[in-house]
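Chemist: Test case, fold it:
(one chain, ligands or ions: 2)
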Amino acid sequence: MTVDSIKNEQAPTYRPERMSGPKARPHTIALLLPTLNEIDGLKAIVPQIDRSLVDDIIVIDGRSVDGTVEYAMAAGLTIVTQLRPGLQRAIFDVARSLPHDYIIEFSPDGNCKVDQLPELVAKISEGYNHVIVSRYLSHAVSEDDDVVTAFGNWMFSRLMRPLAPFAITDALNIYRGYRRDILLDPDFEFYMWGPVLEPLVTGMCALRGRSAAEIPGDEPVRIGGETKRSILYNGSMILLMIARLYLRKFLGLRL
Ligand SMILES: Nc1nc2c(ncn2[C@@H]2O[C@H](COP(=O)(O)OP(=O)(O)OP(=O)(O)O)[C@@H](O)[C@H]2O)c(=O)[nH]1
Ligand SMILES: [Mg+2]
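Modeler: Numbering: from 1, shown residues only. Ligands and ions are numbered 1, 2, ... in the order given. Reported below is the predicted structural model:
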């Protein structure tokens, strides 16, 4: 048996397309899809993604048991299983180990619209350190909010404004792209108590005077699956994180 015939025998039935986009893009970008039993969302979203927009698409899985991983494999995506529990650590650990200049966080549960990706990538290419898809900027709306989450999102975004030299209308949305080195700042882990990753990215950009921009983008309702977050716990930890950033910015205290 020749080497070629072995290669042919073992060739995967699905050949992923090259994910390198047009070389006009000045930065490398990894699109991160966190999943925990998100098969319905993944099936609806993945076929819609224009893979040429980013350099890699990485599914960060929290040990799904509903076929999420099998589906992602068949779709030719890179899959990484998280080591530490919690969505924020899953993204943090994987993102820190990647070689890309930028990461884009994308929730494949239907909350993030695929057709917003080209604008997000274009805005990143303008050189901003951080670009958030804001559900509350201009014409954008969240169809996924209830009264409590709408108030929480408004309040936390409002509270973060005095910390930042840039405008903030949405400090919490997962849908955002940012320079990966923001996560390598030693203070990032210091302030990352609990599920605060996304607002902390905003907060660290504010503290360090890094450039940030928002683009408006609707948030549709989730497709199937279930929410895994606890509003009360998440809200408390975000409030604590903002309080610590206030101490740092206005009193110089690193507590
Ligand atoms: N790897 C990993 N993914 C997770 C974990 N928790 C949630 N996810 C995924 O992260 C994405 C966002 O999680 P959600 O629970 O939907 O959180 P959310 O978007 O704030 O909540 P909803 O408004 O209900 O959609 C989804 O694709 C989830 O499947 C986790 O612990 N590990
Ligand atoms: Mg969601």
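Chemist: What parts of the stretch 1-150 of the chain come near ligand 2?
Modeler: By Cβ under 5 Å from the ion, the residues of the stretch 1-150 of the chain that approach ligand 2 are 107, 109, 111. C-beta coordinates here come from the backbone N, C-alpha and C atoms, glycine included.
Chemist: State the pLDDT value of whatever residue of the stretch 51-200 of the chain ends up closest to ligand 1.
Modeler: Closest residue of the stretch 51-200 of the chain to ligand 1, Cβ to the nearest ligand atom: Gly62 (2.8 Å). Looking at Gly62, its pLDDT is 98.
Chemist: ok, now which ones touch it?
Modeler: By Cβ atoms under 8 Å, 6 or more residues apart in numbering, the residues touching Gly62 are 34-36, 81-82, 85, 87, 90.
Chemist: circling back: near ligand 1 too, which of the residues of the stretch 1-150 of the chain next to ligand 2?
Modeler: 107, 109, 111 (Cβ under 6 Å from any ligand atom).
Chemist: most neighbours, which of those?
Modeler: Most neighbours among these, by other Cβ atoms under 10 Å: Asp109, with 28 neighbours.
Chemist: And it, which helix or strand is it part of?
Modeler: Using DSSP states H and E, Asp109 maps to neither a helix nor a strand.
Chemist: what sits against the residue lying closest to it once chain neighbours are set aside?
Modeler: Leaving aside its sequence neighbours, Asp109 sits nearest to Gly41 (Cβ to Cβ, 6 or more residues apart in numbering; 4.1 Å). Taking Cβ under 8 Å, 6+ apart as the criterion, Gly41 is in contact with 107-110, 222-225.
Chemist: and the two most separated of those residues?
Modeler: In these, two members sit farther apart than any others by Cβ to Cβ. They are Ser107 and Gly224, at 13.0 Å.
Chemist: Now tabulate the residues of the stretch 1-150 of the chain next to ligand 2 in a markdown table and tack on pLDDT and distance to Met155.
Modeler: Converted to a markdown table, those look like this (pLDDT from 0 to 100; distance: Cβ to Cβ, whole Å):
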| residue | pLDDT | distance to Met155 |
| --- | --- | --- |
| Ser107 | 98 | 21 |
| Asp109 | 97 | 24 |
| Asn111 | 97 | 20 |
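Chemist: which of the residues you listed lies closest to Asp170?
Modeler: Closest approach to Asp170 among these (Cβ to Cβ): Asn111, at 12.6 Å.
Chemist: Correct me if wrong: the closest one contacts Asp145.
Modeler: No - using Cβ atoms under 8 Å, Asn111 is not in contact with Asp145; the gap is 10.6 Å.
Chemist: list the contacts for the residue nearest the centre of the chain?
Modeler: The chain has Glu105 as the residue nearest its centroid, 1.6 Å off, counting by Cα atoms, centre = their mean. Counting by Cβ under 8 Å, 6+ apart, Glu105 touches 32, 34, 91, 174-177, 198.
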